[in-house]
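*Asks:* Structure, please.
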Amino acid sequence: MDGQIIRAEYSDIMQKSYIDYAMSVIISRALPDVRDGLKPVQRRTLYDMYELGIRYDRPYRKCARIVGDTMGKFHPHGDSSIYEALVVMAQDFKKGMTLVDGHGNFGSIEGDGAAAMRYTEARLEKVTQDAFLADLDKDVVDFGPNFDETEREPAVLPVRIPNLLVNGADGIAVGMVTSIPTHNLAEVIDAVKAMIRNNKITTEGLMKYIKGPDFPTGGIIVNKDELPAIYETGQGKIRIRGRVELEKAKGGKERLVITEIPYTMIGANIGKFLNDVASLVETKKTTDIVDISNQSSKEGIRIVLELKKGADVERLKNLLYKKTRLEDTFGVNMLAVADGRPETLGLRQILEYHVDFQFELATRKYQNLLEKEEKKKEIQEGLIRACDVIDLIIEILRGSKSRDQVKACLVDGVTEGIKFKSEKSKKLAAKLAFTEAQANAILDMRLYRLIGLEVEVLMKEHETTLANIARYRDILNNYDSMAAVIIKELDAFKREFCRPRRTSIENAEEIVLEEQKIEEMPVVFLMDRFGYVRTIDEAAYERNREAADTEQRFVIHCLNTDRVCVFTDAGKAHLLKVLDVPFGKFRDKGTPVDNLCNYNSAEENFVSVMALNDIKDTVLTFVTKQAMVKQVEGCEFDVVSKRTIAATKLQDGDAVLEVHAAHEQAHLVLATKNGYFLRFPLAEIPLKKKTAVGVRGMKLGAGDELSAVYWLEGGECPEATFADKPVHLNRLRIGSRDSKGTKTR
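*Replies:* Here you go, the predicted model:
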């Protein structure tokens with residue numbers, strides 16, 4: 001087959017392909033249209049339900065049927081995305097106004113997922129049918145082919161309320177994200193009416209009607225003064241707090257009850273909030289909470305904190321707002337598809353697009369209705385004229401041989417071939433001039449329409465038609481008339497579907513939490529060979545000294561306000577706050593150190609543990625298996641901003657063998673696995689930075705490595721063992737760093 005080779009730069013093709021992909025995701029998947037506030041998957045799902053006849057006043061249908069039909073006809077991108085969109089439109093804790101009436105398990109505010117689509121059922125809500133899908137038969141929106149051109153689908157739904165604001169939106173596209181909060185329907189409708197009456201109204205003027213977001217979970221917006229700037233630019237941050245109430249309990253005690261939560265807390269974050277509160281108790285950030293329970297149900301959120309008698313309630317509230325997600329930030333980025341391209345819109349721009357869309361819908365609707373009424377008027381006028389000359393028409397019918405012959409006579413006055421009773425009738429017939437549509441209506445007219453009462457009905461219908469035509473023309477030609485019609489529809493929606501505001505809006509000062517002064521006390525830090533850590537008081541240690549020194553790998557005396565430095569063979573130092581380590585009894589199991597720092601047991605092992613206060617004024621000696629040595633000032637590990645730092649730099653295949661704080665007068669003994677021992681003064685090891693590699697402490701033979709490090713301090717006479725023979729370390733000849741050492745016999 002003949003073909004043409006097109007030469008092009010690969011980078012150009014990749015760039016064009018990526019841009020095409022990105023725009024497809026942005027326009028066709030992730031972002032809502034500013035006109036109807038819907039993403040394509042939501043629009044197609046609602047339209048498919050409308051086409052299937054799953055109306056609000058009809059029985060529910062299986063979600064699997066809806067999803068399958070939508071995927072087969074309009075949205076070939078997998079059933080999970082369609083079902084997820086369907087579920088979200090039915091969840092009243094995510095949407096300001098649900099568009100789908102779900103029947104069955106559609107998930108919960110605490111993050112439980114919906115049941116499989118084969119178990120759940122759904123149908124349209126009344127508001128969806130009345131305000132989103134009405135007038136689709138009146139050619140008010142454009143229709144286009146579906147993905148395989150076997151069906152037709154609307155490019156946008158004729159939504160009569162500003163759904164983008166009422167239900168909000170969230171979505172992640174390629175290189176951009178949208179996050180629009182939900183609003184109160186009544187307030188938004190009032191703002192639309194205000195803009196219709198005054199198209200020069202400012203954002204400040206609109207905010208007299210729209211006070212701010214209205215989240216389905218309630219809560220309190222606490223940065224009211226920042227809202228005008230957010231609505232002007234379409235971007236910003238909204239601070240939301242949960243609503244906390246104080247209740248009296250038995251015995252003079254009190255309890256804090258959380259009845260509303262920030263919108264950002266729905267889902268798994270409720271469980272995280274409970275864990276965060278428990279952590280505040282465990283770490284003794286507060287001692288006022290006795291118990292916490294989640295008593296939430298279908299009736300609403302109810303998280304109960306039982307308090308001890310005499311608890312400082314205000315400080316506890318501030319602690320919850322500061323240290324948990326009970327106060328959170330909602331990032332606003334009002335990005336939507338406008339005129340076929342993504343655009344960040346302010347409040348006024350969104351309402352402008354909505355009002356323009358409403359006038360476009362109304363124009364197309366009333367043009368369509370006007371055309372129908374004018375056609376009806378034409379027919380009615382023909383029938384009325386026909387009633388006046390009914391005898392002549394009957395004479396034409398009786399004298400004609402075919403329908404076409406009669407029609408030609410009625411339209412053009414053609415009398416050839418028609419038998420008339422008199423020449424006068426023929427002359428009258430020649431003067432007939434009905435339109436083609438009128439002629440067809442006359443030929444299709446039934447005899448009962450000639451009854452006097454029916455003629456009167458026809459006359460009244462004609463008067464109604466003339467009145468409708470006059471009204472429609474007035475609406476189409478007069479801005480105020482069309483505006484009145486739109487406002488009337490909006491008022492009807494407001495009366496039927498509005499609900500009270502749930503979210504309060506106020507200005508509140510930033511929470512300033514005064515940390516309670518921690519009483520400083522000496523404790524003993526214990527770590528066993530499995531990496532479980534805990535602290536105990538000194539009295540408990542003294543009672544169990546022998547067991548502690550035998551069973552525990554590391555025993556460190558420190559203060560509870562201190563930090564502990566855990567060195568590993570990977571050259572890392574993990575810093576732990578002693579206050580973060582659970583304090584308890586000697587026989588308590590403790591907590592894995594992995595939970596308190598970034599230690600990874602699969603990649604590193606403990607080498608040494610030291611209290612930071614003990615090493616800050618000393619010098620630490622590092623020794624690796626490849627006999628690299630260095631000294632580092634302990635103050636280099638006093639780092640506040642990080643929990644894990646590099647303690648030393650390692651060569652490939654090397655690992656830290658020992659970290660020790662020794663006196664300058666001490667001697668160091670390096671022992672290899674092949675039986676070489678080297679003793680030299682510690683003073684020969686240079687002082688380096690913690691990020692340095694160090695210097696060679698001993699020359700190793702091929703395949704040899706260090707197996708142990710010994711420290712000779714003061715009058716100690718330690719012994720080592722090699723090949724089951726004792727080695728007296730203090731009798732070793734004192735050598736120099738970077739020598740081979742002595743082979744034991």
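*Asks:* Next up, the contacts around residue 307.
*Replies:* Neighbour list for residue 307: 249, 253, 254, 255, 256, 288, 289, 290, 313, 316 [criterion: CB atoms under 8 Å, 6 or more residues apart in numbering]. No exception for glycine: its C-beta is placed from N, CA and C like everyone else's.
*Asks:* repeat that for 10 Å
*Replies:* The contact partners of residue 307, by CB atoms under 10 Å, 6 or more residues apart in numbering, come to 246-247, 249, 253-256, 286, 288-291, 313, 316.
*Asks:* what about it, distance to residue 246?
*Replies:* Distance, residue 307 to residue 246, using CB to CB, to the nearest Å: 9 Å.
*Asks:* circling back: filter the contacts of residue 307 down to the buried ones.
*Replies:* For those, a burial check counting by 16 or more other CB atoms under 10 Å picks out 254, 255, 256, 286, 288, 289, 316.
*Asks:* Let me see the ranges of the strands in the stretch 501-650 of the chain.
*Replies:* Assigned by DSSP state E, counting those that start in this stretch, the stretch 501-650 of the chain shows strands spanning 504-505, 522-527, 532-537, 554-559, 563-568, 572-577, 591-592, 606-611, 619-624, 628-633, 644-646.
*Asks:* In the fourth one, which residues are buried?
*Replies:* Of all the residues in strand 554-559, those buried under the rule 16+ other CB under 10 Å are 554, 556, 558.
*Asks:* likewise the last one?
*Replies:* Buried residues in strand 644-646, defined by neighbour count with 16+ other CB under 10 Å: 644, 645.
*Asks:* Can you list the helices and strands that the very next helix or strand once past it packs against?
*Replies:* Once the chain leaves strand 644-646, the next helix or strand it forms, by DSSP states H and E, is strand 656-661. Contact partners of strand 656-661 among helices and strands, from 3 or more CB pairs under 10 Å, 6 or more residues apart in numbering; DSSP states H and E: strand 563-568, strand 606-611, helix 612-615, strand 619-624, strand 628-633, strand 667-672, strand 706-712.
*Asks:* Tell me which of the ones you listed approaches residue 323 most closely.
*Replies:* Closest to residue 323 of these is strand 563-568 (CB to CB; 20.2 Å).
*Asks:* Which strand or helix spans residue 392?
*Replies:* With DSSP H and E as criterion, residue 392 is part of helix 390-399.
*Asks:* Now the strands of the stretch 501-650 of the chain in a markdown table, please, with extra columns for distance to residue 701 and mean pLDDT.
*Replies:* Compiled in a markdown table, the strands of the stretch 501-650 of the chain are given as follows (distance: least, CB to CB, whole Å; pLDDT from 0 to 100):
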| stretch | distance to residue 701 | mean pLDDT |
| --- | --- | --- |
| strand 504-505 | 77 | 94 |
| strand 522-527 | 35 | 92 |
| strand 532-537 | 39 | 90 |
| strand 554-559 | 33 | 91 |
| strand 563-568 | 27 | 91 |
| strand 572-577 | 29 | 89 |
| strand 591-592 | 39 | 87 |
| strand 606-611 | 24 | 90 |
| strand 619-624 | 17 | 92 |
| strand 628-633 | 16 | 92 |
| strand 644-646 | 30 | 88 |
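*Asks:* Tell me which residues touch residue 185, please.
*Replies:* 96-97, 127, 131, 161-163, 165-167, 214, 493-494, 497-499.
*Asks:* Likewise for residue 109?
*Replies:* Residue 109 makes contact with 91-94, 216-217, 261, 265-267, 270, 296, 298, 300-301 under the criterion CB under 10 Å, 6+ apart.
*Asks:* State the distance from residue 42 to residue 163.
*Replies:* From residue 42 over to residue 163 the distance is 10 Å, taken as CB to CB.
*Asks:* Need the residues touching each of the two.
*Replies:* With CB under 10 Å, 6+ apart as the test, residue 42 and residue 163 both reach 32, 33, 36, 99, 157, 169.
*Asks:* Which residue is the nearest non-sequential neighbour of the fifth one?
*Replies:* If I follow you right, that is residue 157. Spatial nearest neighbour of residue 157, excluding adjacent residues (CB to CB, 6 or more residues apart in numbering): residue 36 at 4.6 Å.
*Asks:* Give me the neighbour count for the one you found.
*Replies:* 25 (other CB atoms under 10 Å).
*Asks:* got it, and the one 3 residues further on?
*Replies:* Counted with other CB under 10 Å, residues neighbouring residue 39 total 21.
*Asks:* That one is in contact with residue 167, isn't it?
*Replies:* No - applying CB atoms under 10 Å as the test, residue 39 and residue 167 come out as separate, 11.1 Å apart.
*Asks:* Give the residues shared as contacts by these two.
*Replies:* Common neighbours of residue 39 and residue 167, using CB under 10 Å, 6+ apart, are residue 32.
*Asks:* that older thread, for the contacts of residue 185, which entry has the maximal number of neighbours?
*Replies:* residue 163 (30 neighbours).
*Asks:* Skipping its backbone neighbours, what lies nearest that one in space?
*Replies:* The shortest distance from residue 163 to any residue other than its chain neighbours is 3.3 Å, reached at residue 37 (CB to CB, 6+ apart).
*Asks:* about what we covered before: pick out the lowest-pLDDT one from the buried ones among the contacts of residue 307.
*Replies:* Among the buried ones among the contacts of residue 307, residue 286 carries the lowest pLDDT, at 84.
*Asks:* quick one: that residue and residue 383, what's the gap?
*Replies:* 86 Å.
*Asks:* Any of the contacts of residue 109 buried? List them.
*Replies:* Judged by 16+ other CB under 10 Å, buried ones among the contacts of residue 109: 91, 93, 94, 216, 217, 261, 265, 266, 267, 270, 296, 301.
*Asks:* So which elements touch the helix or strand containing residue 227?
*Replies:* Using DSSP H and E, residue 227 sits in helix 227-233. Applying 3+ CB pairs under 10 Å, 6+ apart, one finds that helix 227-233 contacts helix 203-206, strand 235-241, strand 327-333, helix 347-388.
*Asks:* Which among these is found nearest to residue 278?
*Replies:* Of those, nearest to residue 278 by CB to CB is strand 327-333, at 18.3 Å.
*Asks:* Quick check: mean pLDDT of the next helix or strand along the chain from that closest one?
*Replies:* Tracing the chain past strand 327-333, the next element assigned as helix or strand by DSSP H and E is strand 335-338. Across strand 335-338, pLDDT averages out at 92.
*Asks:* how about the CA coordinates for strand 335-338, as CSV?
*Replies:* Extracted in CSV, the C-alpha atoms of strand 335-338 (Å, rounded to 0.1, in the frame of the first residue of the first chain):
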residue,chain,number,x,y,z
LEU,A,335,-11.3,26.8,38.5
ALA,A,336,-13.9,25.8,35.9
VAL,A,337,-14.3,25.4,32.1
ALA,A,338,-15.6,28.7,30.7
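*Asks:* low-confidence ranges in the stretch 551-700 of the chain?
*Replies:* Residues of the stretch 551-700 of the chain meeting the criterion pLDDT under 70: 641.
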